[in-house]
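**Q** I'll drop the sequence and a predicted model, then ask my questions.
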Amino acid sequence: MKNWIIVGATSAIAEAVGRIWAAKGYKLFLVGRDETKLNSIKADLNVRGADSVNAHLMDVNDFDRHSHCLDSAKAAMGRIDGILIAHGTLPDQKACEASFPLALKEIETNALSVISLCTLAANMFEEQRRGEIAVISSVAGDRGRQSNYVYGAAKGMVSTFLQGLRNRLAKSGVHVTTIKPGFVDTPMTSAIEKGGPLWASAEQVAEGINKAIEKQSNVVYLPFFWWSIMAIIKSIPEFLFKKLSL
């Protein structure tokens, strides 16, 4: 049995991961800001076999509450084996181009709040010399594209931070997994036209996350074929890339 914190527990991918872990009998500590949905998921995961489920209300942009959140999780579960950070927003790129305060808000949500939580979790796990940190980043962070470079910049910051954190914590027995999904059919992508072989369901991505954590993968693209897609995109010379409408 393992004890995991799930931050952003009301997101479609996190909820699907929670169902997998509930079936395994894990203790879960769910963190989110929608009390009604959080309690609904808590009840569902209890029915699905979780050893125990606690719900904790928190806005991730309230950085001063991050430490209290981890302390509450430890008090509720006795120990913490891992943390999955799964929250995020998909910003309106054009609106962010017109407003730096809006761009900053999106970067705070998608990058700085993640870095804050990872810093606290890393220090806690480093002290106990064990633990897992798994974070949902995105393929969007692999290269800046005109269609979503504010979101991509935030995710690129997260991925680079996790790379350094993984290097730092390896000698302490703490593992860090960077998760890079491609197109996922969730409420967050509701404004995007869906369909075709590049799209995956939240359940498919959740299965990939569970396997990646079990294998202690360093970086995982989900579905797997996004690794080759992004390798091609990253290889395009800049003088050609800037002429493309990506």
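**A** Received the coordinates, thanks. Numbering: from 1, shown residues only.
**Q** hang on, E108 packs against N61?
**A** Yes - contact criterion CB atoms under 8 Å: E108 and N61 qualify, at 5.6 Å. From N, CA and C alone the C-beta is placed, and that goes for glycine too.
**Q** Average pLDDT for the longest strand anywhere in the chain, rounded please.
**A** When the chain is scanned for its longest strand (criterion: DSSP state E), the result is strand 174-181. Averaged over strand 174-181, pLDDT sits at 98.
**Q** what does that strand contact?
**A** If you take CB atoms under 8 Å, 6 or more residues apart in numbering as the criterion, strand 174-181 is touched by 13, 122, 125-126, 129-139, 141-142, 158-159, 162-163, 165-166, 169, 200, 205, 208-209, 212-213, 216-222, 226, 230.
**Q** Among the residues you listed, name the ones in helices.
**A** 13, 122, 125-126, 158-159, 162-163, 165-166, 169, 205, 208-209, 212-213, 226, 230 (DSSP state H).
**Q** ok so, going back, centre of the chain to the longest strand of the chain, how far?
**A** For strand 174-181, the separation from the chain centroid amounts to 9 Å (computed by CA atoms, centre = their mean, to the nearest Å).
**Q** List the strands paired with that strand, with their directions.
**A** strand 131-136 (parallel), strand 219-222 (parallel) (DSSP bridges).
**Q** before we move on, the earlier item: of the ones in helices among the contacts of strand 174-181, just the buried ones, PyMOL syntax please.
**A** The buried residues among these can be selected in PyMOL (16 or more other CB atoms under 10 Å) with this line:
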select buried, resi 13+122+125+126+158+159+162+165+166+169+205+208+209+212+213+226+230
